[in-house]
Structure formats: structure tokens, C-alpha cells
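Visitor: Got a sequence here, can you build the structure:
(2 chains)
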Amino acid sequence: MNTLALVFAIWAAGSLQPARDPLAAVRQMVADAREEIEAFEKSNPSAGSQHPAVKWDNALWAIHEREPRTDAGARAAVEAVRLLTQAEMWPRADARVESLTLDDPAWEGLPWVLYEAGIKRKELPAVITTLSRVAEAAPKPTTKAAALMIIGRAYRRQGDLAAATRSLEASRSAAPASSYAEESKGIIYEIEHLSPGQPAPAISSTARNGRAFSLADMRGKPAVLVFWGTT
Amino acid sequence: MEEVPLLKRLSEKYAGQVQIVGISTDESVERVDRVVKEKGMTWSILSDGRGFDGPIPTAYHVQGTPDLFVLDGDSRIVRRFTSATEIEATVEPLLARRR
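Guide: Residues are numbered from 1 along each chain as shown, chains lettered A, B, ... in the order given. Model (predicted):
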């Protein structure tokens, strides 16, 4: 075998080999889907052409059904719904969500997706209703915590800070060591200290030009604090 | 960083009326100084090189940038948002109240 043929054989073996890690395979599908959807949306598609989200939803959902109750299967379901909601294919997205039983592990990743979709469609109350059912029925504490954290965010966004705080506290106690509990704690802090009307946390520092800087010195004038990064 | 030209325009428009303070979440103070100079950022800049773990981002629960807070003349929080494009609409009524 000459060198060229050998190189080709290695390349072919590599590219034909199925991905061994199913979660990595799902991630790759999502990356491919995003690329295709972006190109599709840029191309000024004609009215009759099918949105590629449909094709990718079918492919991802097939993984969800083939590998139920695995990380890859759960991730595939979450990403399928995300693609559908980003494409604003609401009936199809709703049907997918409704087909999931409340004990499906996909529910841990879905709250965020439903929250963003709820904001987009201005239907946060419906999201709260759905997630309340999940929080009630989910067997996994982290799933409960994720659902309750998002319910808290939704209530806060609607201006019901008392209901938000209750839900966030419930999220913290559902799975105290989880990232959701940590996030809930942060939102409770924001509600208590950073809501409109509250005194801004004190700042006392030295500006880069060497001058002393204190928030208290700025009283009498509105101020804009811009948190920024050079990258 | 893409909002620097807008902030520059607003700092000129509201000179003497609204204090703009840039609080950097960088981990290199030298880098901040360099960028501030390069971009001609003339408003107050705070930076302690501690990234998001510094006392100010912690007190304001800042986890990503841009993140902006508008304060009224009594240093109370009026609004929080993630783009400088919303500054004018929030600041104008505050100034109108004072006129």
C-alpha cells in the first residue's frame, strides 16, 4: 500500500467510525443543526420550504426514544425542543413537551428552554403551571430544584416577588448542594438587595486615575454603573 | 466593548448631569488601563483585577458583562439591564424630575 492509500484508509476509518460517546454525538448534531438553521434563515427561504429544525427535531427525538433515561436521550429531547422554540414552531414544540412523562430526565434541562420560550411568547403563566406539575411529580431532587428555580425567575419577572422568593427557597431546600440551589440563592439576593427602589450597595474604591471613588459622593446626581470586560 | 462609542456619546451628552462609572471585571488591571487609553474612555474606571470575585461585582451579583445599573440621585436602584442602548430612556425621566 502506498502512502497516499494508507493516509486515505486511516482517514476513512476515522470518519466512518460512529462516535462512541452518545452525548458527544448529540452535541455534534446540535452544532450541525445550528449551522444549517443559520444558513437557512440567512438564505431568505421561500414560503414552501421546510425549516431544517423539523429534520433535526426528528433526528434528535429518535435518539431520545432509542436511548430513554440516559443523559444522551435527555439531552437530545431538550435540544430538540430548544431548536423548535427558537424557530418559533410552537405547536410542534408543545406536542413534544406534552409527550414527555413527568418523570422523564429531560425535565431537568427543559425549564430554561421553556422559560425563554415563555418570555418570547409572553406566556410565562403557562410555563409556571407546567413547571409546578414537574416540581410536584419529578422523582429527582435536582429536577425539582431546576423547575422551582425557573418558577421563581418567572414570578420575579412578573413582579410577584413574594411568590418568587417562596419558589426559590423551595428550590434551595429541594437539592441544597445543586447548582440550581446556588442560582436560587443568587436570585433571592437580587430580589432582596438589587430590586428597583433599593439603596445601591456601597462602593468605596480608588479609580484607575488615582482618585478616590465613593458612591456616597455622587448623591444628588443620577449615575450609571457599567460592569464591563475588555474581552 | 462594542458599546464604548455609545457610552462615549452619552458621557458627553450627560456631562455634569449623570455620572458614568465603568467597573471592570477583568483580571488584569494593566490590560484595563491599556484599553481605557486606547479607546479614549474618559469616565471613571474602577478595576481591582479580581474579576467577578471582587467586592463590587459580588455586591451587585454580576455574573456576566455588560451588566448595567441606573441609580437615581439618592443612589437607589432604578433599573438593571444588559445593554447601554437602554440608558437614555431610563435616565431622561430622572433628569426631567430634577429640572
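Visitor: how distant is stretch B:19-38 from the center of its chain?
Guide: 11 Å (C-alpha atoms, centre = their mean, to the nearest Å).
Visitor: So what touches the longest strand anywhere in chain A?
Guide: Criterion DSSP state E: the longest strand present in chain A is strand A:223-228. Residues outside strand A:223-228 that contact it (C-beta atoms under 8 Å, 6 or more residues apart in numbering or on different chains) are A:200, A:203, A:215, B:1, B:3, B:7, B:10, B:18-25, B:57, B:60, B:62, B:65-71, B:75, B:84, B:87, B:91. Any C-beta I mention is one placed from the backbone N, CA and C, and that applies to glycine too.
Visitor: mean confidence score for it?
Guide: Averaged over strand A:223-228, pLDDT sits at 96.
Visitor: mind checking how far the residue in chain B that chain A sits nearest to is from B:Leu46?
Guide: Relative to chain A, the nearest point of chain B is B:Ala59 (3.8 Å; C-beta to the nearest C-beta). According to C-beta to C-beta, to the nearest Å, B:Ala59 and B:Leu46 sit 12 Å apart.
Visitor: Settle it for me: which of these two has more neighbours?
Guide: Between B:Ala59 and B:Leu46, counted using other C-beta atoms under 10 Å in any protein chain shown, the more crowded position is B:Leu46 (19 against 15).
Visitor: Who does the more buried one form a beta bridge with?
Guide: B:Leu46 forms beta bridges with B:Ile23, as assigned by DSSP bridges.
Visitor: element containing B:Val91, please.
Guide: Following DSSP states H and E, one finds B:Val91 within helix B:87-98.
Visitor: quick one: average confidence on that helix?
Guide: On average, helix B:87-98 scores 90.
Visitor: which residues touch it?
Guide: The contact list for helix B:87-98 (C-beta under 8 Å, 6+ apart) reads A:222, A:224, B:10, B:14, B:17-18, B:68, B:70, B:72-73, B:78-79, B:81.
Visitor: can you give me the helices for chain B?
Guide: For chain B, the helices defined by DSSP state H occupy B:4-13, B:29-39, B:55-59, B:87-98.
Visitor: which of those helices sits most buried?
Guide: Among the helices of chain B, helix B:55-59 has the highest mean neighbour count (mean count of other C-beta atoms under 10 Å in any protein chain shown), at a mean of 17.
Visitor: mind saving the C-alpha coords of that helix as PDB?
Guide: Taking Å, rounded to 0.1, in the frame of the first residue of the first chain, the C-alpha atoms of helix B:55-59 are listed here in PDB:
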ATOM      1  CA  PRO B  55     -16.300  43.000  46.200                       C
ATOM      2  CA  ILE B  56     -18.200  45.200  43.800                       C
ATOM      3  CA  PRO B  57     -19.300  42.600  41.200                       C
ATOM      4  CA  THR B  58     -20.200  40.400  44.200                       C
ATOM      5  CA  ALA B  59     -22.300  43.000  45.900                       C
END
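Visitor: Read off the pLDDT value for residue 63.
Guide: No chain specified, so I'll use chain A. 96.
Visitor: meant chain B actually
Guide: So, for B:Gln63, pLDDT stands at 94.
Visitor: so what's it up against?
Guide: Per C-beta under 8 Å, 6+ apart, neighbours of B:Gln63: A:186, B:52.
Visitor: same thing with B:Val32?
Guide: Per C-beta under 8 Å, 6+ apart, neighbours of B:Val32: A:208, A:230, B:24, B:26, B:45, B:47, B:49.
Visitor: Which parts of chain A belong to which domain?
Guide: As recorded under automatic domain parsing, the domains making up chain A are A:23-40+A:51-87, A:100-218.
Visitor: Nearest to chain B, out of these?
Guide: Closest to chain B of the domains of chain A, according to C-beta to the nearest C-beta: domain A:100-218, at 3.8 Å.
Visitor: gap between the two ends of that closest one?
Guide: Using C-alpha to C-alpha, to the nearest Å, one end of domain A:100-218 lies 54 Å from the other.
Visitor: near chain B at all, it?
Guide: Yes. Counting by C-beta under 8 Å from any C-beta of the partner chain, chain B has neighbours in domain A:100-218: A:186, A:189-190, A:193-203, A:205-209, A:211, A:213, A:215-216, A:218.
Visitor: That domain: how far from the chain's middle?
Guide: Using C-alpha atoms, centre = their mean, the offset of domain A:100-218 from its chain centre is 13 Å.
Visitor: now swap in stretch B:88-99 and tell me
Guide: What separates the centre of stretch B:88-99 from the centre of its chain is 17 Å, taken as C-alpha atoms, centre = their mean.
Visitor: Is chain A within reach of stretch B:66-73?
Guide: Yes. Stretch B:66-73 is in contact with chain A by C-beta under 8 Å from any C-beta, via B:66-73.
Visitor: Using PyMOL, define a selection of the buried residues within those residues.
Guide: Selection of buried members from the residues of stretch B:66-73 next to chain A for PyMOL, criterion 16 or more other C-beta atoms under 10 Å in any protein chain shown:
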select buried, chain B and resi 66+67+68+69+70+71+72+73
